[in-house]
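Participant: fold the following.
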Amino acid sequence: MTDALTDKARAEALVELTGWSLVPGREAITRTYAFASFADAIGFMVRAAIHADRIDHHPEWTNVYRKVHVTLTSHDIGGLSQRDVELARILDKLT
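Facilitator: Numbers count the residues shown, from 1 in each chain. As a prediction, this is how the structure comes out:
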């Protein structure tokens, strides 16, 4: 199991993770990605799924047409962890 981020570590991560924000009322971060087409959005999700599976950390996400809304939290600890930050970095690199 991983440890929850401290308030300081969470704040530092959000400065680094452009476009990500805290989810009100939850220990989670969120971001919406917009793509040129539905196919591009689904392609992103497939690539992201491969990486998420590799690190055994899976996002909450939805897709509507060309947008993918992602929420990251570590369910096993009920909060944010370094694993969420790592996955956010990976997702950002895939866009």
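Participant: quick check: longest helix of this structure.
Facilitator: helix 38-55 (DSSP state H).
Participant: which elements pack onto that one?
Facilitator: strand 60-64, strand 67-72, helix 82-94 (3 or more Cβ pairs under 8 Å, 6 or more residues apart in numbering; DSSP states H and E). Glycine gets a C-beta too; all of them are placed from N, C-alpha and C.
Participant: reformat the ones you listed as a markdown table; add distance to residue 22 and mean pLDDT.
Facilitator: What follows is these, written out as a markdown table (distance: least, Cβ to Cβ, whole Å; pLDDT from 0 to 100):
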| stretch | distance to residue 22 | mean pLDDT |
| --- | --- | --- |
| strand 60-64 | 14 | 98 |
| strand 67-72 | 11 | 98 |
| helix 82-94 | 11 | 97 |
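Participant: determine which of the ones you listed approaches residue 6 most closely.
Facilitator: For the helices and strands packed on helix 38-55, proximity to residue 6 was assessed by Cβ to Cβ; helix 82-94 is nearest, at 10.8 Å.
Participant: in the protein, what secondary structure element scores lowest on mean pLDDT?
Facilitator: The least trusted helix or strand in the chain, going by mean pLDDT, DSSP states H and E, turns out to be helix 7-16, with a mean of 94.
Participant: residue 16 and residue 32, how far apart?
Facilitator: Residue 16 sits 18 Å away from residue 32, going by Cβ to Cβ, to the nearest Å.
Participant: typo on my end, it should be residue 73
Facilitator: For residue 73 relative to residue 32 (Cβ to Cβ), the value is 16 Å.
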